[in-house]
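> this one's sequence-less:
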């Protein structure tokens, strides 16, 4: 079953999956004044207007639903490259818990710090096997 349709507006694509913004950004759409897109345009209009093959754009959007998924309650950590690039995260708890999931976006609490991101932004921590 397809999650995206060529007649879906960009705004609704963003609501369908939070990762849609990254897909458009991958094609250099929406990031600056020269490549801005209107959220009222359809995916097909964006494809035609910027010369991006519609089937390629649609496939990238659908691939969002093939990404590894997390569940509410999962323990996760931040990748070292993210933690090292953002000084404010240096003292954040090592392990966080997924508390919410909305349209592909996860909210993770690391102690008093709440972060939002896609599954690819976190590393799932498998529970330690405890001896019986």
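Yep, it's here. No experiment lies behind these values; they were computed from the predicted model shown.

> residue 114 - how many residues pack around it?
The number of residues packed around residue 114, counting by other C-beta atoms under 10 Å, is 12. All C-beta atoms are positioned from the backbone trio N, CA, C, and that covers glycine.

> quick check, it in a helix?
No - assessed by DSSP: H, G, I helix; E, B strand; the rest coil, residue 114 does not belong to a helix; its assignment is strand.

> list the buried residues in the helix ranked longest in the chain.
Secondary structure assigned by DSSP state H gives helix 54-63 as the longest helix of the chain. For helix 54-63, the neighbour count (16 or more other C-beta atoms under 10 Å) marks 57, 58, 60, 61 as buried.

> repeat for stretch 8-23
Of all the residues in stretch 8-23, those buried under the rule 16+ other C-beta under 10 Å are 8-10, 12-14, 16-21, 23.

> of those, which belong to helices?
Counted as lying in helices by DSSP H, out of the buried residues of stretch 8-23, are 10, 12, 13, 14, 16, 20, 21, 23.

> which residues of this protein score low on pLDDT?
Along the chain, the model assigns pLDDT under 70 to residues 30-36, 128-132.

> what domains does the record give for this structure?
In terms of domains, the chain is parsed into 10-66, 75-124 (source: automatic domain parsing).

> can you put these in a markdown table and add distance to residue 1?
Supplementary listing: the domains of the chain in a markdown table, determined by distance: least, C-beta to C-beta, whole Å:
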| stretch | distance to residue 1 |
| --- | --- |
| domain 10-66 | 9 |
| domain 75-124 | 16 |
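
> and those: which comes nearest residue 2?
Nearest to residue 2, of all the domains of the chain, is domain 10-66, at 6.4 Å by C-beta to C-beta.

> now the helices for this protein?
Shown for the chain, the helices assigned by DSSP H span residues 10-16, 20-26, 43-50, 54-63, 80-85.

> and of the buried residues of stretch 8-23, the nearest to residue 111?
residue 18 (23.3 Å).
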